[in-house]
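Q: Give me the fold of what follows.
(one chain, ligands or ions: 1)
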Amino acid sequence: MPRLRRLVWLIVLALAACRQPEVPLNNPNLQIDLAYEPREARVGPAELLVTVRRADGTPIAEAVLDIRGDMAHAGMVPVLRQALTDGQGQARVPFEWTMGGSWFVEVIVTAPDGEKGRGFFELNVAS
Ligand SMILES: [Cu+2]
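A: Prediction:
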């Protein structure tokens, strides 16, 4: 029995080590906005417009964006993109809605000073 318990602990520790540290949702220091074109999302190519600002509205340039678009149901291949914000704190990111239905877009932002924030957006994509 002690040996089994030790094995279980090792597995628990290994899983904990693998998990990425949770990035805070809606960090007030990193205001993340998402818009997209076409403005009425439908299946096909699209463009995401991500804007990142400080709480006082100052744009954050050269922030790294890790973007993941996925659907509410299981089994989809997520649409992953990386981008960097410009001097206006904006990035235009070529994207694609690969299926109609309920989507979410998660944007993890890493500012140049290392601060992180996460934005989470839900939308419906027409077929
Ligand atoms: Cu789907």
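Q: Would you map the strands across this protein?
A: For the chain, applying DSSP state E gives strands covering 31-37, 44-53, 64-71, 79-84, 90-97, 101-110, 116-125.
Q: what are the pairing partners of the third one, and which direction each?
A: Strand partners for strand 64-71, identified by DSSP bridges, are recorded as strand 79-84 (antiparallel), strand 101-110 (antiparallel).
Q: Out of those strands, which is the most enclosed?
A: Most buried of the strands paired with strand 64-71, by mean neighbour count (mean count of other Cβ atoms under 10 Å): strand 101-110, with a mean of 18. (C-beta placed from N, C-alpha, C; glycine too.)
Q: What average pLDDT does that strand get?
A: Averaging pLDDT along strand 101-110 yields 97.
Q: now it and strand 116-125, what's the angle there?
A: If you take axes from the mean of the first three to the mean of the last three Cα atoms, to 10 degrees, strand 101-110 sits at 160 degrees to strand 116-125.
Q: if we can go back for a sec, TSV for the strands of the chain, including distance to residue 22?
A: TSV is the format used below for those (distance: least, Cβ to Cβ, whole Å):
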stretch	distance to residue 22
strand 31-37	16
strand 44-53	19
strand 64-71	14
strand 79-84	19
strand 90-97	23
strand 101-110	11
strand 116-125	9
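Q: still on that earlier bit, so which of the strands paired with strand 64-71 is nearest the ion?
A: Comparison of those against the ion by Cβ to the ion identifies strand 101-110 as nearest, at 5.4 Å.
Q: how far does that closest one sit from the chain's center?
A: Using Cα atoms, centre = their mean, to the nearest Å, the mean C-alpha position of strand 101-110 is found 4 Å from that of the whole chain.
Q: Could I get the strands paired with strand 64-71 in JSON lines, plus columns for distance to residue 70?
A: Converted to JSON lines, the strands paired with strand 64-71 look like this (distance: least, Cβ to Cβ, whole Å):
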{"stretch": "strand 79-84", "distance to residue 70": "7"}
{"stretch": "strand 101-110", "distance to residue 70": "6"}
